[in-house]
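A.B. asks: test case, fold it:
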Amino acid sequence: MCSELFHIPYRIGGVPIFGVGVLLAIWLIASAATVFGLIRRGGTITEIIGALPVLLLLGAAILFLPRVFPDGLPVRGYGVMLLVGITSGVVLAMYRARQGGLNPEIILSLAIWLVVSGVIGARLFYVTEYWDESFAGRSVRDTFLEVINIPEGGLVIYGGLVGAAVGFTIFVLKHRLPLLAMADLIAPSMAIGLAFGRIGCFLNGCCYGGQTDLPWHVTFPKFSSRFESANSADLQHYSPPYADQASRGEMHGFRMNSQGDQPAVITHVDPDSPAAGAGLKVGDSIAAINGDIIHSLVDAKFRMFDAFKSQSPIHLTLRDGRSISVPAATIPERSRPVHPTQLYSAIDGAILGWLLWTFYPLRRHDGEAIALLLTVHPITRFLLEVIRTDEPAVFGTGMTISQNVSLVLLACGTALWWHLSRKPTGVLWPLTIASDASERAAVVHSG
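C.D. replies: The predicted model follows:
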């Protein structure tokens, strides 16, 4: 785990070395290049004006940086891998566009829309899912700053897909591009971006799996790398897997459920553990911890974590009237061994990207590549959720929100395959390199 790779200070010895001005200069150059590219390929005034809101939003984000990071700009492992994933996806899509005779500068314009809308969607999905655990109870200012603190991690892939899908649809309709042909073109890029993004999750410590004794298990340090030297009393300073295990009782030999707005219920007890010896059983519902009334799992997690940090015994009052005392747990330097589900997902994304890249020339209809993505990824994601422990079940289904979304996406993929089967064979952009500029222009405008 390496959530923070390094830190760039704004000043050293009072001398400015890096600041908002540098980023604004980069932003100005990139914005000018984007506008110039639109003009160069004959973009209309409407197209140029349509790109301005996204560019201005990026500029506003840069101006806001000192408020979020007053001590300098941290370079996070998650953010770096996200950038690598985006860059790789754009390069692949531009290469494939050129092969099909499509102006690759269109991909650059599309990439801005996808990145901004995808990040917004992924963050909103994460904030909604983890509101009770990570955002509730703060002041309005602190909540807002935490919500926009994207470099710390906290993006949900499916939220990103929804956001990117909205941005993608607006872009292709606005520029009168073929929807399914464009979706096929970027499908491999989406999978490759997912692969790199999951490596970022591994560096950040999020999206972790449940405990395992398999030889390839991983453990995570007590603190996130940016807080390693802190004498921390804040739950947020601990690495996500370590904090989760400590706050749900795993360090004491048992585990509570993961539904934040439900009563705290014991879902697992380690055999031969002090908790088992004290008489704690699966299904026991907790009414109080160390004399504090428990209204929900969120209350229980904070009380458990406080007891863990203080290395004090835990006195549980159960709803059936029993009282159980569990001895204090030792404070290890690393978490208990867990599945490296982030790396499983990275491998899954890389294989899926290769499959889509190989399948693209074999399509018989526009839309088959994105249909394949909507078929394979929901299945693998659904299965990976079985060994992840960071998401609660929702909607009374007994499945996580990602599993529910997976079923919806799989249904959409199935419906798309059925729709394509009823269309005549043929693709708009076969994999042939246009022989000259006029032919390329003809292919572009045919869309």
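
A.B. asks: for the closest residue to residue 248 other than its chain neighbours, grab phi and psi.
C.D. replies: Excluding its sequence neighbours, the residue lying closest to residue 248 (CB to CB, 6 or more residues apart in numbering) is residue 256, at 4.7 Å. Every C-beta, even on glycine, is put in place using the N, C-alpha and C of the backbone. The phi/psi pair for residue 256 (degrees, to the nearest 10) reads phi -90, psi 170.

A.B. asks: tell me which residues touch residue 256, please.
C.D. replies: 248, 249, 264, 265, 266, 267, 286, 297, 300, 301, 304 (CB atoms under 8 Å, 6 or more residues apart in numbering).

A.B. asks: so which of the residues you listed belong to helices?
C.D. replies: Here DSSP state H is the test, and the contacts of residue 256 give 297, 300, 301, 304 as lying in helices.

A.B. asks: possible to save these as a markdown table with pLDDT and neighbour count?
C.D. replies: Putting the ones in helices among the contacts of residue 256 into a markdown table (pLDDT from 0 to 100; neighbours: other CB atoms under 10 Å) gives the following:
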| residue | pLDDT | neighbour count |
| --- | --- | --- |
| 297 | 82 | 25 |
| 300 | 88 | 24 |
| 301 | 88 | 25 |
| 304 | 90 | 28 |
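
A.B. asks: who are the packing partners of the helix or strand hosting residue 169?
C.D. replies: Using DSSP states H and E, residue 169 sits within helix 157-174. Contact partners of helix 157-174 among helices and strands, from 3 or more CB pairs under 8 Å, 6 or more residues apart in numbering; DSSP states H and E: helix 45-68, helix 105-129, helix 179-204, helix 401-421.

A.B. asks: dump the ones you listed to a markdown table, plus mean pLDDT.
C.D. replies: Below are those laid out as a markdown table (pLDDT from 0 to 100):
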| stretch | mean pLDDT |
| --- | --- |
| helix 45-68 | 70 |
| helix 105-129 | 83 |
| helix 179-204 | 93 |
| helix 401-421 | 94 |
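
A.B. asks: helix, strand or coil: sort out the residue nearest to residue 288 when sequence neighbours are not counted for me.
C.D. replies: Among residues not flanking residue 288 along the chain, residue 317 sits closest, at 3.9 Å (CB to CB, 6+ apart). In three-state terms, and counting by DSSP: H, G, I helix; E, B strand; the rest coil, residue 317 is strand.

A.B. asks: burial count for residue 317?
C.D. replies: 18 (other CB atoms under 10 Å).

A.B. asks: same thing with residue 426?
C.D. replies: So residue 426, with other CB under 10 Å, has 10 neighbours.

A.B. asks: also residue 244?
C.D. replies: Residues lying near residue 244 (other CB under 10 Å) number 24.

A.B. asks: counting contacts, what elements does whichever helix or strand it is part of pack onto?
C.D. replies: In the assignment (DSSP H and E), residue 244 maps to helix 240-247. When contacts are defined as 3+ CB pairs under 8 Å, 6+ apart, helix 240-247 packs onto helix 297-310.

A.B. asks: for the helix it packs on, buried residues please.
C.D. replies: For helix 297-310, the neighbour count (16 or more other CB atoms under 10 Å) marks 297, 298, 299, 300, 301, 302, 303, 304, 305, 306, 307, 308 as buried.

A.B. asks: the fourth one: what's it in contact with?
C.D. replies: When the contact criterion is CB under 8 Å, 6+ apart, the partners of residue 300 are 256, 264, 286, 289, 294.

A.B. asks: just name the closest of the residues you listed to residue 370, please.
C.D. replies: residue 256 (40.0 Å; CB to CB).
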